[in-house]
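Peer 1: next comes the sequence, and after it the predicted model I'd like to discuss.
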Amino acid sequence: MRFDELPLIDPILRALADKNYTEPTSIQEKAIPLILKRNDVLGCAQTGTGKTAAFAIPIIQLIHRIESKEGGFPKLRALIVTPTRELAIQIDENIAAYSKYTNVKHTVIFGGVKQGAQVAKLNKGVHILVATPGRLLDLISQRLISLSNIKMFILDEADRMLDMGFINDIRKLLQLLPAERQSLFFSATMPKNIVELSSKILNNPKRIEVSPVSSAAETIQQYVYYTNRTSKKDLLLHILDNRDIGQVLLFSRTKRGADKIAKHLKRFDIKADAIHGDKAQNQRQKALTKFKEGTVRVLVATDIAARGIDIDKLKYVINFDVPNLPETYVHRIGRSGRAGEDGVAISLCEPEENEYLRDIEKLIKKKVISIKDNPYPQTDKPMTEKEKKEWNKEKQRRKQEFFANRKKNSNYSRRR
């Protein structure tokens, strides 16, 4: 099916053509007609399948038609709630692209920055508001936002919303929303608590599942290096020494770990930056912009900060730490192989993480391919003092060789 075979208006089709979108993904093909018919929808699809366009496109069309008839000062018609700043910004950017030829006004609000500029945009009038829960409730309490005219409510990344402890904020919002509304509920996974929450939000919803729950995209090749904790940084340098590996989104379990990895890579002339919750919003956006522009090769991220990172044709994801929740692994590697593109996911697995990997394989119902050509293989027994000394000598030799090659290449570049 093509987009022009869906019941979409010309202004939206023009905008999609500008982005070279011709064929909808499975969830877009199924969700768009249902939403245009004003059904409540419960959508479950893995990361990278185009959920944002699945709800944003029909919302824009519905509001465009309403405003074409009524006109006047823009009223807030649709509220999209999502867990992270990065994801909120990404959704708003997509709405801007899809609505460029319509009369739909939109904006995004999130915490971590001063509210003045956000309030100024709200005062000019918007039809669609993308928001994170904290800032939204804060501005509502200040009576700077009214939800009385809301016709459409969208809860995106619902599973992550609950993981991050936003359940009470969602309950507060539900009490403030008009009872008569269309509600859309999208999640990458559908555990029991998500189903229970959806039953409180949706009215006789149409359920869409376009792929097995918590499955990884078939276009992603998955590999694992079995190694030791003390060897992970050296193994990472070995992997990145392959210049065919371009931009990499690398996951760290902790914020401190993300900073240390980025710092280590910079020492070896690998352009890297870290993004996590302790970074200021402008720092996170600056790092993300550099990564999108290609001036940063490796972006080191924690799981929460990575939600909303959507890089066209990003091929490589590396798990420096194997996550203890298999669903988290699926979310991580879903940053690559998006919308049918090829992707490669590489995990560095230490002995304590072997069990995590077995849980992952059980969830995705396939074996992760083990790389045999591994200069830093996993060992079960600790090294002897003699082995440690020999190992440290070898590490020192490799570092000296690296810096010697770098100096040689630098001199060659200057002569050129």
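Peer 2: Ah, there it is. Residues are numbered from 1 along each chain as shown.
Peer 1: next one: the nearest residue to residue 74 once chain neighbours are set aside relative to residue 152, how far apart?
Peer 2: Nearest in space to residue 74, with sequence neighbours left out and distances taken as CB to CB, 6 or more residues apart in numbering, is residue 125 at 3.4 Å. To be clear about C-beta, it is placed using only N, CA and C from the backbone, and glycine gets the same treatment. Distance of residue 125 to residue 152, given as CB to CB, to the nearest Å: 17 Å.
Peer 1: residue 63 now?
Peer 2: Remark: distance between residue 63 and residue 152 (CB to CB) = 8 Å.
Peer 1: the two: which has the busier surroundings?
Peer 2: Neighbours per residue, other CB atoms under 10 Å: of residue 63 and residue 152, the larger number sits with residue 63, 24 against 21.
Peer 1: OK, contacts around the residue lying closest to residue 78 once chain neighbours are set aside?
Peer 2: Nearest non-adjacent residue to residue 78, counting by CB to CB, 6+ apart: residue 152, 4.1 Å away. By CB atoms under 8 Å, 6 or more residues apart in numbering, the contact set of residue 152 is 59, 62, 77-79, 181-184.
Peer 1: in strands, which of those residues appear?
Peer 2: Counted as lying in strands by DSSP state E, out of those, are 78-79, 182-184.
Peer 1: pLDDT score assigned to the residue nearest to residue 78?
Peer 2: The confidence metric pLDDT takes the value 97 at residue 152.
Peer 1: gap between it and residue 81?
Peer 2: Distance of residue 152 to residue 81, given as CB to CB: 12 Å.
Peer 1: identify the contacts common to residue 63 and residue 152.
Peer 2: Residues touching both residue 63 and residue 152 (CB under 8 Å, 6+ apart) are 77-78.
Peer 1: count of neighbours near the closest residue to residue 210 other than its chain neighbours?
Peer 2: Leaving aside its sequence neighbours, residue 210 sits nearest to residue 26 (CB to CB, 6+ apart; 3.9 Å). Residue 26 has 16 neighbouring residues, counting by other CB under 10 Å.
Peer 1: domain ranges for the protein?
Peer 2: Following automatic domain parsing, one finds the domains of the chain at 3-209, 220-407.
Peer 1: what mean pLDDT does the shortest one have?
Peer 2: The reference is to domain 220-407. 85.
Peer 1: gap between that domain and the chain center?
Peer 2: 17 Å (CA atoms, centre = their mean, to the nearest Å).
Peer 1: again, but for the longest one
Peer 2: Relative to the centre of its chain, domain 3-209 is centred 16 Å away, using CA atoms, centre = their mean.
Peer 1: in space, what's closest to residue 99 - neighbours in sequence excluded?
Peer 2: Spatial nearest neighbour of residue 99, chain neighbours left out: residue 60 (4.6 Å); criterion: CB to CB, 6+ apart.
Peer 1: that neighbour: neighbour count?
Peer 2: By the measure other CB under 10 Å, the count of residues near residue 60 is 26.
Peer 1: touching, it and residue 97? I think so.
Peer 2: No: between residue 60 and residue 97 there is no contact under CB atoms under 8 Å: 10.2 Å.
Peer 1: related to what we said a few turns ago, export the contacts of residue 152 to CSV and tack on distance to residue 329 and pLDDT?
Peer 2: Shown next, in CSV, are the contacts of residue 152 (distance: CB to CB, whole Å; pLDDT from 0 to 100):
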residue, distance to residue 329, pLDDT
59, 31, 97
62, 36, 96
77, 37, 95
78, 33, 97
79, 31, 98
181, 35, 95
182, 34, 97
183, 30, 96
184, 27, 96
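Peer 1: so which of these comes closest to residue 39?
Peer 2: The shortest approach to residue 39 among these belongs to residue 182, at 7.5 Å (CB to CB).
Peer 1: which one is the closest one nearest to, not counting chain neighbours?
Peer 2: residue 152 is the one closest to residue 182 (CB to CB, 6+ apart), at 4.8 Å.
Peer 1: next up, phi/psi of the residue nearest to residue 210, please.
Peer 2: Main-chain dihedrals, residue 26, degrees, to the nearest 10: phi -60, psi -50.
Peer 1: gap between it and residue 49?
Peer 2: Distance from residue 26 to residue 49, counting by CB to CB: 7 Å.
Peer 1: where along the stretch 51-200 of the chain do the strands fall?
Peer 2: Listed in chain order, the strands found in the stretch 51-200 of the chain under DSSP state E, counting those that start in this stretch are 78-81, 106-109, 128-131, 152-155, 182-187.
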